[in-house]
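Chemist: predicted model, plus sequence, below.
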Amino acid sequence: MNYHWNWGVYLEQVSSGDERYLDWIVSALGWTVAVSMTAWVIALLLGGVVGTLRTAPNRWLVIAGNAWVEFFRNVPLLVQLFIWFFVVPEFLPAELSRWVKQDMPAKEFFTATICLGLFTSARVAEQVRSGIQSLPRGQKMAGLAMGFTLAQTYRYVILPMAFRIVIPPLTSEFMNIIKNSAVAFAIGLMELTFISRQMIEESGQVFESLLAATILYTVCAFAANRVMAFIEARARVPGYIAGAK
Amino acid sequence: MSMIEIRNVSKWYGQFQVLADCSTQVSKGEVVVVCGPSGSGKSTLIKCVNGLEPFQKGDVVVDEISVGAAKTDLPKLRARVGMVFQHFELFPHMSVIENLTIAQTKVLGRARDEARERGIKLLDRVGLKAHAAKFPGELSGGQQQRVAIARALAMDPICMLFDEPTSALDPEMVNEVLDVMVELAREGMTMMVVTHEMGFARKVAHRVIFMDTGRVVEEAGADTFFGAPTSRRAQQFLASLKH
């Protein structure tokens, strides 16, 4: 292999301005974290609601929930991103459409966040539904028998246990959302993947550029894993063995 | 005065009929034991009393309120009817005392301190005061079921429903639960109890209802039922329990 390593490249000035490559990387990391975290909040909230509705004793709510999950789960993420970026603005009311296309600040950020949030919400909804359905049927009956309404039964009895049960699969989703945020480069959001490609073009240092992105994605995903492990430990129920009835 | 009245209740799962024209009633202060072979519909019938299982025909009237009527506020009615389940169904993520106070505060609107005081008193009564801060998973089956009885009593119910309260317990834990139930019966609580514990039935039941294939086959005073059951199915059932 005939590769010219240059570990000092990170501190060199970029050829197109007076910043260093390191400044690019730090800013890109910020965008990656911002997109991932905001999308994760959207995914948890929407996924929690949709997953719960899919267990509701109402056929139409279940159908609506299922449709939501199937749509966002069966269309490739990249295609969804292009739809949000290129197609959806065309169908907005004229005034709003013009604003989105011309004046909207941080358009790439909002588009990527919404796209990733909705995409992941379908996966979270699937986890939440399976968590609810893994609980013994008697738990719901016990809640209702105490005089709780159905909503109160979900609030106090079913969801607190269902969410505890699905923390491990949700941990994977949280790590996935960070890695999936890389697709945002395709609409020009200057996140880690976009910047590492940019750095390759300007500096010619392919390995160093990709290594920076690789390490930072790994660190972020690992941090997400640790955060969820911490929550899992804090939420642990004394004496409760998952799956035992 | 009859506290629970079951009038010609029928229920189907699709084509399969689980309850066929069941009628009986439980008077205030009365203890009625429901027994019968598994699959006879006894658990389903008792769940119809507080509307946990819907039924297609007939009606159940609890304290003069119709369970089947569309306009009935079922949560409100259920809050007044205590229920104890075969698998305890304590809320595993709440401590024992929280299990006893949550519905008092959220459903009855009691103050936290008042609910807690009532809860501790009932835990003391079932001999588990020292376990108030523990979680259900840290208790034995017998202890969990006693907590479940205390949880139901905390709502000051007008009657209590027991759905096979001892059949998921290890044999050595059955008596600690039955003792609590006997005491409750002697205090005059109105009780409807699905159970195979014939010793309990002999001791406190005023009446025994025998069910088979979704029907009330025989209904008699406890002495009569155990002494001289009239139906052949009941005779067979009692004989099978002796083995």
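Modeler: Received it, and whenever you're ready, just let me know what you need.

Chemist: what sits opposite B:Gln17 in the beta ladder?
Modeler: B:Trp12 (DSSP bridges).

Chemist: at the geometric centre of chain A, which residue do we find?
Modeler: What sits nearest the mean C-alpha location of chain A, by C-alpha atoms, centre = their mean, is A:Ile177, with 3.4 Å.

Chemist: in the helix or strand bottoming out on mean pLDDT in chain A, what's buried?
Modeler: Across the helices and strands of chain A, mean pLDDT, DSSP states H and E gives its lowest value to helix A:94-102, namely a mean of 91. Buried positions in helix A:94-102, judged by neighbour count with 16 or more other C-beta atoms under 10 Å in any protein chain shown: A:Val100. Heads up, the C-betas are built off the backbone N, CA and C, glycines and all.

Chemist: next: stretch A:101-119.
Modeler: Using 16+ other C-beta under 10 Å as the test for burial, stretch A:101-119 gives A:107-119.

Chemist: for chain B, state which of those residues is nearest.
Modeler: A:Gly117 (27.8 Å; C-beta to the nearest C-beta).

Chemist: quick one: residues contacting the closest one.
Modeler: Shown in contact with A:Gly117 (C-beta atoms under 8 Å, 6 or more residues apart in numbering or on different chains): A:Thr38, A:Ala39, A:Trp40, A:Val41, A:Ile42, A:Ala43, A:Leu46.

Chemist: what's the PyMOL syntax to select whichever of those residues are buried?
Modeler: Only the buried entries of the contacts of A:Gly117 go into this PyMOL selection, using 16+ other C-beta under 10 Å:
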select buried, chain A and resi 38+39+40+42+43+46
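
Chemist: tell me how far the closest residue to A:Ala56 other than its chain neighbours lies from chain B.
Modeler: Closest residue to A:Ala56 apart from its sequence neighbours, by C-beta to C-beta, 6 or more residues apart in numbering or on different chains: A:Val62 at 6.3 Å. A:Val62 sits 18 Å away from chain B, going by C-beta to the nearest C-beta, to the nearest Å.

Chemist: and A:Val62, what does it touch?
Modeler: Counting by C-beta under 8 Å, 6+ apart, A:Val62 touches A:Leu53, A:Arg54, A:Thr55, A:Ala56.

Chemist: ok, B:Asp21 touching B:Arg7?
Modeler: No - assessed by C-beta atoms under 8 Å, B:Asp21 is found out of contact with B:Arg7, at 9.7 Å.

Chemist: and the lengthiest helix in chain A, what does it pack against?
Modeler: If you go by DSSP state H, chain A has its longest helix at helix A:21-53. The criterion is 3 or more C-beta pairs under 8 Å, 6 or more residues apart in numbering or on different chains; DSSP states H and E, and the helices and strands that helix A:21-53 contacts are helix A:59-74, helix A:107-134, helix A:159-165, helix A:167-180, helix A:192-203, helix A:206-235.

Chemist: okay if I get those helices as JSON lines plus mean pLDDT and distance to B:Asp179?
Modeler: Shown next, in JSON lines, are the helices and strands packed on helix A:21-53 (pLDDT from 0 to 100; distance: least, C-beta to C-beta, whole Å):
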{"stretch": "helix A:59-74", "mean pLDDT": "96", "distance to B:Asp179": "45"}
{"stretch": "helix A:107-134", "mean pLDDT": "97", "distance to B:Asp179": "35"}
{"stretch": "helix A:159-165", "mean pLDDT": "96", "distance to B:Asp179": "31"}
{"stretch": "helix A:167-180", "mean pLDDT": "97", "distance to B:Asp179": "40"}
{"stretch": "helix A:192-203", "mean pLDDT": "95", "distance to B:Asp179": "66"}
{"stretch": "helix A:206-235", "mean pLDDT": "96", "distance to B:Asp179": "36"}
